[in-house]
Each structure stands twice: as structure tokens, then as C-alpha cells.
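S.K.: build me a model:
(2 chains)
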Amino acid sequence: MTQSVGAADPPVIELRNVSKTFGEVRSLSGVNFSVNRGEIVGLLGDNGAGKSTLVKIVMGFHRPDAGGEIFFEGRRIDDWSVARARSLGIETVYQERALSEKQPIWRNMFMGREPRTRWGLLDVKRMRSESTRLMSEHMGFTSAAVHPDNIVTTMSGGEKQGVAITRALYFDAELVILDEPTMGLSLSETRKTLDFVSGIKKAGKSAIFIDHNIFHVYPVVDRLYVLDRGKVAGVYAKSEITMDELLDRLYRVARSGSMD
Amino acid sequence: MATAIPDRPSDNRIAPPSALRRHGSQLGIIGVGVAMWLAFVAAAPAVFTNLDIYRAFAQTTPQFGIIALALTFVVITGEIDLSFPSIMALGTAAFCLTTSYGGAPWWIGLVCALATGAACGLLNGLLVAKLNIPSLVITIGTSFLFRGLELVLMNGTGVPLTADKFPQMHALLRASVFGFPIQTLWMIVILIVFWVLLNRTRFGAHVFLVGDNPTSARLMGVNAVSVKARAFVLVGVTAVFSGLMTSIYGYYFWPTTGDGFLLNTIASVFLGGTSVFGGTGSVVGTFVASYIIGAINAGIVSAGINAFYTQLAFGLVIVISVVLQTLIERRIRRQSLTGR
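M.R.: Residues are numbered from 1 along each chain as shown, chains lettered A, B, ... in the order given. Alright, predicted model coming up:
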């Protein structure tokens, strides 16, 4: 690791005492969570443990219940929303892939933050040419035939994931959230995605990596949060725990709700 | 942050989409238009080689075509508005109330009328987008609401809108410009404005995104409520504009203004290649389709065919175009033809 984290550096994102209730269902209760600069944090937990709710709060889709606080680089932020989070450099690669399938690649690439000319009109020319460049530089398409006008529906699963990941990268994200990014991907596509996660760290950025598959998560992360029934059941630095111990504890927590 | 992938597969090429796929629906609609025109020319050469017939539908088609252009936005967001015929009447009633009854100058009437349309559109939009009520249902409700309000306000009576009382309105909405029908000029101007709005603004980009995949649009920070509300406001304002144009054309405001506009307008949008499922569509397609719908009416009557056939021809064109569109879309998505 080339990047050393100063103790005085505030975390990129920090959640303090965050709870989230949907109707009568308490999805998260009193969660404390933080990601430091240059750190890859893994998020593990069973279905319904609250992983998705937690990341949806980090990316601004849900707001925490009253009493929960969100800090970005040490500053408390009250008007938390997707647009606000994205403007601060939090980008997400979703399990649902969050692409508009009937639209061409260039529209998807710039979704929600389309560049404009000085007349206030969409800069379609730039959107097309930037998409072409990104597709050939980051996604490994042969540049001669890359076409930003292709409709997303016609692409393969890996290619779609490529668009989603490239979209997150393009905007110089400070923090990339990967919500089960390997779901439904082939072996080689999964390999590429994991390489990408390591690339985030080399670039000095941070990431939150959520996956069911501990064998994907463990090798690339620095720190691990284990969630269970809406609570943080354990936090481990990777140096503190081997993969076998971790597996063992995950089974135990699933049965008893307690780590030890 | 470059994470170029070193082992690029050599066959990882993306072919550009064919022109047919990109402009298929527009080419199709223009083809249908030309074919129908040729059929009419063959059936009634005397009528269709004379300029008068073209002048006639250049004057009447924009009356619903302008609304169809705005309705295209709403349909792309995946919604529908059935209340615009009532908004046409309510907005025009607002004009008559402020000018003929209230004595205000014509331009204040015009502003009040358009503002009424915007307010109606906003109400529709908020009910649909904010409260998540299916637009098919709630706009039937607001349709009765707006029509009822108009009938109560006007007490069911009409208002004459003669040229000597409203010379400016007639100059704006009825007089020819160097012999060219001003209605179609308005439609062309609105087409250009709406084309830019749909294809070259963030609002337009978000209209496509919201209609295609509302969840992903929200996840990427697009405000779906505001996008849909603005699309409905667009329909409200153009409906009133068209209500005024229609009333001025007939020199009289009928309390029933708007009756008979619903199907022509919706048909123009779908015939123009805008997807019934939302997410894709084009204002150019709607523009061409409006004139085709206008021509079916004029063409059948002047070809000497019984006017009862108008509705039949109408129905065939709409059903066939929607079915074809659906099949093409499934083909692109590589689904089976029944979508299962």
C-alpha cells in the first residue's frame, strides 16, 4: 500500500448512530460506520441484514431516521440526497445495474449529470465522443468500431456492467460503492470487476464492496463490517482475521445473532 | 484512475447500430404517410392535385397536432393524459371570462388562459407523479373536474369570438402569412422548440430516463416527480393554446370545445412511433403522424367514400401501428413475439 492514512484525516464518509425504519420494519438500528481515504471496506451479511439499506443511505437514496448523522470528510451534512452525494463524489455501481436499457450508451454514461454547452443545451457531441473514449480506454472495446449509439438492451451482461463501472469511474469518484457487482457475471467478467476494485485503491480512492460471496470480498478489502439483523455484529481489520475464522464467525452469527 | 484492461479480447467489437434500427420508426411512419398520400391521389386525383385540400388540413391538423407534440413527452415518461380536451375548454373559458365578460384586454386573457392550462397540467402531474396514481385513471377524473368547472363557470353558454372584437387573436391564430396557413407555421415553430427541448436539454434527457427505468433514474439522482409534472404542464399549456386556436378558427367558443379531440391526438402520438411502454419516442414522428391522421379524415371524404369509413380507417391505422411497434421492440429485446 503506497497510501498511508494519517490519523488526523477524517473518514471520507462516516455514519453515526444511524437507524432506518420502513413502516414497522426496523431495517437498521444505531449503526456506526466509516470509510477512510484509500480504504476498501467490505460489507458482509445475510439477506435482510441491512446491507442494501446501509449503502442506500450512504448514496443518498434513503435518509436516516431522526438522530442519525452523516459526515463527509468531517463535515456534517444535513441535506443528504442522491444529487448531493454525487456532487461530493460518491458513485455507485448497483446490483440492479441501474441502466436505462432502451437508451444508447452515451445517455446512460452521463445519466443524471449531463454536460451542457454554454447555451444551456446538452452537449451531445461531447457525450458521444467521451463515451467512445471511455469505452475504448476502460472497457476494452476495440476503438475502431466502438459505437456510443448502441442501445444497452443489445449488450451482454458483462458489457452492461462495464458501462455501469465506467460511469462510476468517469466522474472522479472519491468513494465508489459496489453493490453486489459480480452478480450474474461470468468468471472472467468477475475477475475484471475485482481488478477494478483494486484499481480504485491504487488511485487513492475509497470503496465500499458489498457481496454475498466472501471469497470475492476478502481478498480485496482492508476492513470488514459484518451486519446482522440491522446491527453491526463485528468490525475486523483484515490483518486481524483469517478467511477461515471469518467464515466460522459468519456461520455462528447467522445461527445465534452474536459473533463470539 | 486508469484501469485499462490489459488482456483485451480481439473480437470485442461493437458494431454501430444500423440506420434502420436507429431511425426505423421514423422511416416507417414517413413511408406510411407517402403511401397513403399516393392512394388518395389515385382515388381522387382532382381533389388531391388541388392546393385547397392541403390548405384545409394545414389549418385544422395543428388544432390537435400541437397537443400531440406535447403529449409525446408525457407518453415517453410512461404516462398518459386524457384530460386535455377539457383543459382546452377550461382555458378558453378563462380567456372569455377575462375578456368578453371581464373587459380585460386580449393579452391579459391570453396570459390567464395559458396560466389556467399550466395549473391544470401541474395538478395532473402532481397527482400522477407525487401520489403515484396511475395517470390513466386520475386524468379521467380530472377530465370531468375541468369540464365540469368550465360548464359551471360558463353556465353552459358559448361566446362569440369575432374578428372585429379580437383582431389581434385572429392575426395570431387564424390569418394566413403570405397565403400560408398560420396554424401550420405555429405547429412547425412548436415542433422545433419541442425537438430542442426533448433532444438537447437535461429535461428532455430525463424524460427518456424516467420513462425507461424509473428506479434507475431515481438512483442516479433524477427527480422523477418534477420531470413528469413539467411534461404534464406542457400538455396543459398547449391544450389551451390549441383550444384558443380552434375557437378562433370557428369564430365562437363552444362549451363543448375539445370533444372529438381525444382519439386523434393520442393516435398521432402512437402512430408517430412513440412507445406505448415509455422510454422512446420522437416529436418528428408525432408531427408527421398528425398530418396523416388529419389526411385520413379529409382524404376519405373527398375520395367520395362514405364518411363512416373514416373511423374504420382510423382504427386500422392505430391498431396496426401499435402492433408493429410492439413486435419490433420485442424483436430488439430478443423476446418471443407474445412477450412471454
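
S.K.: just to be sure, residue A:15 is in a strand?
M.R.: Yes - under DSSP: H, G, I helix; E, B strand; the rest coil, residue A:15 falls within a strand.

S.K.: so what's the spatially most central residue of chain B closest to, chain neighbours aside?
M.R.: The structure's chain B has its C-alpha centroid closest to residue B:68; by Cα atoms, centre = their mean the separation is 0.7 Å. Setting aside the residues directly before and after it, residue B:68 is nearest to residue B:268 in space (Cβ to Cβ, 6 or more residues apart in numbering or on different chains), at 3.9 Å. Where C-beta positions appear, they are placed from N, C-alpha and C, glycine not excepted.

S.K.: for the one you found, phi and psi?
M.R.: phi -60, psi -40 (degrees, to the nearest 10).

S.K.: against which helices or strands is the helix or strand containing the residue nearest to the centre of chain B packed?
M.R.: Using DSSP states H and E, the element containing residue B:68 is helix B:51-76. The contact analysis (3 or more Cβ pairs under 8 Å, 6 or more residues apart in numbering or on different chains; DSSP states H and E) places helix B:51-76 against helix B:84-96, helix B:182-200, helix B:202-212, helix B:224-249, helix B:262-271, helix B:283-302.

S.K.: now the ones you listed in TSV, with mean pLDDT?
M.R.: Output for those, formatted as TSV (pLDDT from 0 to 100):
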stretch	mean pLDDT
helix B:84-96	97
helix B:182-200	96
helix B:202-212	95
helix B:224-249	97
helix B:262-271	90
helix B:283-302	85
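
S.K.: which of the ones you listed sits most buried?
M.R.: Of those, the one with the most neighbours on average (mean count of other Cβ atoms under 10 Å in any protein chain shown) is helix B:84-96, at a mean of 30.

S.K.: using PDB, list the CA coordinates for it.
M.R.: The C-alpha coordinates for helix B:84-96 follow below in PDB (Å, rounded to 0.1, in the frame of the first residue of the first chain):
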ATOM      1  CA  PHE B  84     -56.500  17.700 -22.300                       C
ATOM      2  CA  PRO B  85     -59.900  18.100 -24.200                       C
ATOM      3  CA  SER B  86     -61.400  19.500 -21.000                       C
ATOM      4  CA  ILE B  87     -58.300  21.700 -20.400                       C
ATOM      5  CA  MET B  88     -58.800  23.100 -24.000                       C
ATOM      6  CA  ALA B  89     -62.300  24.200 -23.000                       C
ATOM      7  CA  LEU B  90     -61.400  25.400 -19.400                       C
ATOM      8  CA  GLY B  91     -58.500  27.500 -20.700                       C
ATOM      9  CA  THR B  92     -60.600  29.100 -23.500                       C
ATOM     10  CA  ALA B  93     -63.300  29.700 -20.900                       C
ATOM     11  CA  ALA B  94     -60.800  31.600 -18.800                       C
ATOM     12  CA  PHE B  95     -60.000  33.700 -21.900                       C
ATOM     13  CA  CYS B  96     -63.700  34.500 -22.500                       C
END
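
S.K.: could you export stretch B:149-162 as PDB, keeping only the C-alpha atoms?
M.R.: Taking Å, rounded to 0.1, in the frame of the first residue of the first chain, the C-alpha atoms of stretch B:149-162 are listed here in PDB:
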ATOM      1  CA  LEU B 149     -65.700  23.600 -13.700                       C
ATOM      2  CA  GLU B 150     -65.900  25.100 -17.200                       C
ATOM      3  CA  LEU B 151     -69.600  24.300 -17.700                       C
ATOM      4  CA  VAL B 152     -70.400  25.800 -14.300                       C
ATOM      5  CA  LEU B 153     -68.300  28.900 -14.900                       C
ATOM      6  CA  MET B 154     -69.800  29.500 -18.400                       C
ATOM      7  CA  ASN B 155     -73.300  28.300 -17.300                       C
ATOM      8  CA  GLY B 156     -73.200  26.100 -20.400                       C
ATOM      9  CA  THR B 157     -73.300  29.000 -22.900                       C
ATOM     10  CA  GLY B 158     -70.900  29.900 -25.700                       C
ATOM     11  CA  VAL B 159     -69.200  33.200 -26.500                       C
ATOM     12  CA  PRO B 160     -68.700  34.800 -30.000                       C
ATOM     13  CA  LEU B 161     -65.100  35.500 -30.800                       C
ATOM     14  CA  THR B 162     -65.400  37.600 -33.900                       C
END
